[in-house]
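[1] coords below, sequence missing:
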Ligand SMILES: O=c1ccn([C@H]2C[C@H](O)[C@@H](CO)O2)c(=O)[nH]1
Ligand SMILES: [Zn+2]
C-alpha cells in the first residue's frame, strides 16, 4: 500500500515483521526512516529509530524548511521525541541514529539533541546504539554516559515536577469567563490548537503554546512547544505541528497547508506569534490563513492542580504546581 511508505509508527508486531526482533535490530528500520527525511538544504538525511516504553517503534527524520536558516530545522531525534509526545507515549527506552549517509553507522545524537533528550522523564536511562558498519553487533550506551557533566532540568525545576512525556495539563482556556464549551470532537482549528497548548511543555518560562494546521483536503495536524532547560534546543509549536504533518500527511508538501492557528498566552514571556507567521509565510500555501488566539491560564484550577510524582528514593510526595 502506498500509505505504508509513509509509516512513522509501528506496533511491536509490525516492527518484528520489518526485522526489528530485538534491540540490536533497530537498524533494520533505518532505511525506511532515511528515505522519509526532508533535507533540501543540507542534503544530509538523518534517520532515527526508537522504542517507546509501550513497545511501539517510532521513526524520526530531519526536516529542513526551505527558504529558512538551518536552525529552524527539526533534528531526527527531536522529530522522534515529538512523535512520542503526540502519540501519548510515556517514555523512550532505546534509540538508534544514523551518522553516515549510507545508513550503516550509528552514533550518539548531536549535542543539541542529547540536551533535548534530557527533558524526557528518566532520560539518563535511554540507551543509544553505537555501531560502525564494520561491526556485526554494536553496543548500547546510556545517555548518562553520553552526556557527562550535564545541565539538566533537575538543576532548575522543583523536585517532582513533571518532565516531558509525563502527564500534564496547562489549564488554559480561550476565554477567562464562562465560554462556549466545544465538544471534544468539534472541528474548530482553534480548539485543536488550544488542546495542543494544554499539552505544551514550557516549565521554564511558563509560555505554553500550540499550533493546529489544516491541509487542502481538510485534514488537521497539531503540535505544541517543547522547551529545553538549555533554551536553544527548544522546539517551536509550528515545528511540532509539522512533525504531525509529516508523520500523518502521507508525503504532502508544506505548500498544501492552507490554514493555521496559534494559541498562546497574551503577553507570554516567550511569544511564538512572529516566528510562526514567518515560518508559515515561507513554507505554507501562499494564501494560507494564519490566526492567533490568546488563551488564559485558569489560576484557580492550576493552583489546585496536584500531581503525584512517582515514588522516588522511596519517598512519595505531593506537590502543588504554582
Ligand atoms: O543529531 C543530528 C545531527 C544533525 N541532524 C540534521 C540537522 C540538519 O538537518 C542536518 C545537517 O546538520 O542533519 C539531525 O537530524 N540529527
Ligand atoms: Zn541533533
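    Okay, I see it. Fair warning: this is a prediction, and the values are worked out from it, not measured in the lab. Numbering: from 1, shown residues only. Ligands and ions are numbered 1, 2, ... in the order given.
[2] other SSEs contacting the helix or strand where residue 275 lies?
    Counting by DSSP states H and E, the element that carries residue 275 is helix 273-283. In this structure, helix 273-283 makes packing contacts with helix 237-248, strand 257-265, strand 289-297, judged by 3 or more Cβ pairs under 8 Å, 6 or more residues apart in numbering; DSSP states H and E. No exception for glycine: its C-beta is placed from N, CA and C like everyone else's.
[3] right, and the ones you listed - which one's nearest ligand 1?
    helix 237-248 (11.9 Å; Cβ to the nearest ligand atom).
[4] For that closest one, the averaged confidence score.
    In this model, helix 237-248 has an average pLDDT of 98.
[5] Now do the helices in the stretch 101-250 of the chain.
    Secondary structure of the stretch 101-250 of the chain, counting by DSSP state H, counting those that start in this stretch: helices at 111-117, 143-146, 189-199, 237-248.
[6] buried set for the first one?
    Taking 16 or more other Cβ atoms under 10 Å as the neighbour-count basis, helix 111-117 is seen to contain the buried residues 112-117.
[7] Contacts for it next, please.
    The contact list for helix 111-117, computed with Cβ atoms under 8 Å, 6 or more residues apart in numbering, reads 75, 77-78, 81, 92, 95, 97, 108-109, 123, 126, 143, 146-147, 150-151, 228, 230, 232-233, 235.
[8] how many neighbours does residue 294 have?
    16 (other Cβ atoms under 10 Å).
[9] OK, contacts around it?
    Applying Cβ under 8 Å, 6+ apart, one finds that residue 294 lies in contact with 263-266.
[10] ok, and the most crowded of the residues you listed?
    Neighbour counts for the contacts of residue 294, by other Cβ under 10 Å, peak at residue 263, which reaches 31 neighbours.
[11] averaged over its residues, what pLDDT does stretch 283-292 have?
    Throughout stretch 283-292, pLDDT has a mean value of 97.
[12] what's the answer for stretch 193-209, then?
    Mean per-residue pLDDT for stretch 193-209: 97.
[13] got it, and stretch 262-279?
    Mean per-residue pLDDT for stretch 262-279: 97.
[14] related to what we said a few turns ago, could you redo the helices and strands packed on helix 273-283 as JSON lines and give each row distance to residue 48?
    Shown next, in JSON lines, are the helices and strands packed on helix 273-283 (distance: least, Cβ to Cβ, whole Å):
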{"stretch": "helix 237-248", "distance to residue 48": "12"}
{"stretch": "strand 257-265", "distance to residue 48": "24"}
{"stretch": "strand 289-297", "distance to residue 48": "30"}
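[15] and ligand 2, which of those is closest to it?
    With Cβ to the ion, the closest approach to ligand 2 among the helices and strands packed on helix 273-283 belongs to helix 237-248: 13.0 Å.
[16] domain assignment for this protein?
    The domain map for the chain lists 1-155, 172-302, with the assignment taken from the TED database.
[17] how long is the last one end to end?
    Taking Cα to Cα, to the nearest Å, the first and last residues of domain 172-302 lie 9 Å apart.
[18] so how far is that domain off the chain centroid?
    The chain centroid and the centroid of domain 172-302 are separated by 13 Å under Cα atoms, centre = their mean, to the nearest Å.
[19] So that domain, near ligand 2 or not?
    No. Figure legend: domain 172-302 not in contact with ligand 2 (Cβ under 5 Å from the ion); closest approach 8.2 Å.
[20] how about the nearest residue to whichever residue of the stretch 151-300 of the chain sits closest to ligand 2, chain neighbours excluded?
    Closest contact between the stretch 151-300 of the chain and ligand 2, by Cβ to the ion, is at residue 233 (8.2 Å). Of all residues beyond its chain neighbours, the one nearest residue 233 is residue 116 (4.1 Å), with distances taken as Cβ to Cβ, 6 or more residues apart in numbering.
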